[in-house]
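Novice: the sequence isn't on hand, but the structure is:
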Ligand code: PGA
C-alpha cells in the first residue's frame, strides 16, 4: 500500500458556534496555519454559517464542508437544504452518514447512498462516515457492519465513484466520549477495510483517504496519524478550539 495519500484534517463543528464565534474560529484557523504538501485542512460548519465562512476560506488553503444535505435538488421538504444548493456556497466536502444523523435523524444506508450520489453529482466530495456500536464491537462484527455501510453506497454509485470520496471510520463508542480507539485498534480496522475495498478495485483502495474519528485530540493525534492506514481525522470537540485543531494538523503530512 502506498503512503502517497495526503492527510485530511477535518473539523466537524456539529451544532456549535454562534455567528460571531464561527467567524472568529474560522479566522483563527486560517491565520494560524500554513498550507502543507502532505496535508489538507477542512472545516465542516453549520449550514447557516456557510456564506460567512465561505467568504473567509475563499482563496485560502482551507477547504469548506457541510455536515448534511438532501439528495433531491428542490421540492416540498420543509426544513431541508439540498446538496445542489450547497454548490452555490463553494462547498468542497459533504459529510454523509454521520452516526448522529443515522441515530437521531433516520439516515439509513439507502438515504446515505443517495446523499453520497448527490454530492458527487454536484461536484462535492463526500466523506462517508461509518462506524460500529460498542455492542457490535463486543460481538465481533465490526468489519461486517462497516462493510454493509460501505456496500450500500457501492451498490448505488459503483466502486469507481470512490475515487472522488473519502471514508471516515468513527466507532460510535468513541465519539464525544473521550474514549478513543487505540492507534492499533484503529489501524487494524483501516487496514482491513482497505484490503476489503481492494477486492473491488485495488487502485481505489490504495488511493482513498480513510480518516479516523472519535475523540481525536491534540494529545492522541500524533500516534493515530502516524499509523500507515490512517489518512487523517474527523474531529468534533477538538476542532472547536483553533489551537487544538491546528496542533492536530501539525502532526499530519
Ligand atoms: P469527537 O467527534 O471528536 O467530538 O468525538 C467526532 C465526530 O463525531 O465526527
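Specialist: Thanks, I have the structure now. All values derive from a computational prediction rather than experimental measurement. Numbering: from 1, shown residues only.
Novice: which bits of this protein sit near the ligand?
Specialist: Within the chain, the positions adjacent to the ligand are 12, 170, 175-176, 213-216, 234-238 by C-beta under 6 Å from any ligand atom. (C-beta placed from N, C-alpha, C; glycine too.)
Novice: residues in contact with whatever residue of the stretch 101-250 of the chain ends up closest to the ligand?
Specialist: Going by C-beta to the nearest ligand atom, the ligand is nearest to residue 236 of the stretch 101-250 of the chain, at 2.3 Å. Contacts for residue 236 (C-beta atoms under 8 Å, 6 or more residues apart in numbering) come out as 12, 13, 14, 175, 176, 213.
Novice: go again using 6 Å as the cut-off
Specialist: Going by C-beta atoms under 6 Å, 6 or more residues apart in numbering, residue 236 touches 12, 14.
Novice: quick one on the thing from earlier: mind putting the residues of the chain next to the ligand into CSV with secondary structure and pLDDT?
Specialist: Listed next are these as CSV, based on DSSP: H, G, I helix; E, B strand; the rest coil; pLDDT from 0 to 100:
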residue, secondary structure, pLDDT
12, strand, 98
170, coil, 97
175, coil, 91
176, coil, 87
213, strand, 97
214, coil, 96
215, coil, 95
216, coil, 97
234, strand, 98
235, strand, 98
236, coil, 98
237, helix, 97
238, helix, 98
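Novice: out of the residues you listed, which are buried?
Specialist: 12, 170, 175, 213, 214, 215, 216, 234, 235, 236, 237, 238 (16 or more other C-beta atoms under 10 Å).
Novice: please identify which pair of those residues lies farthest apart.
Specialist: 170 and 238 (13.7 Å; C-beta to C-beta).
Novice: state the mean pLDDT of stretch 39-46.
Specialist: Mean pLDDT, computed over stretch 39-46, is 98.
Novice: what residues does it touch?
Specialist: 6-13, 53, 62-63, 65, 67, 93, 95, 249, 252-253.
Novice: just the buried members of those?
Specialist: Buried by 16+ other C-beta under 10 Å: 7-13, 53, 62-63, 65, 67, 93, 95, 249, 252-253, out of those.
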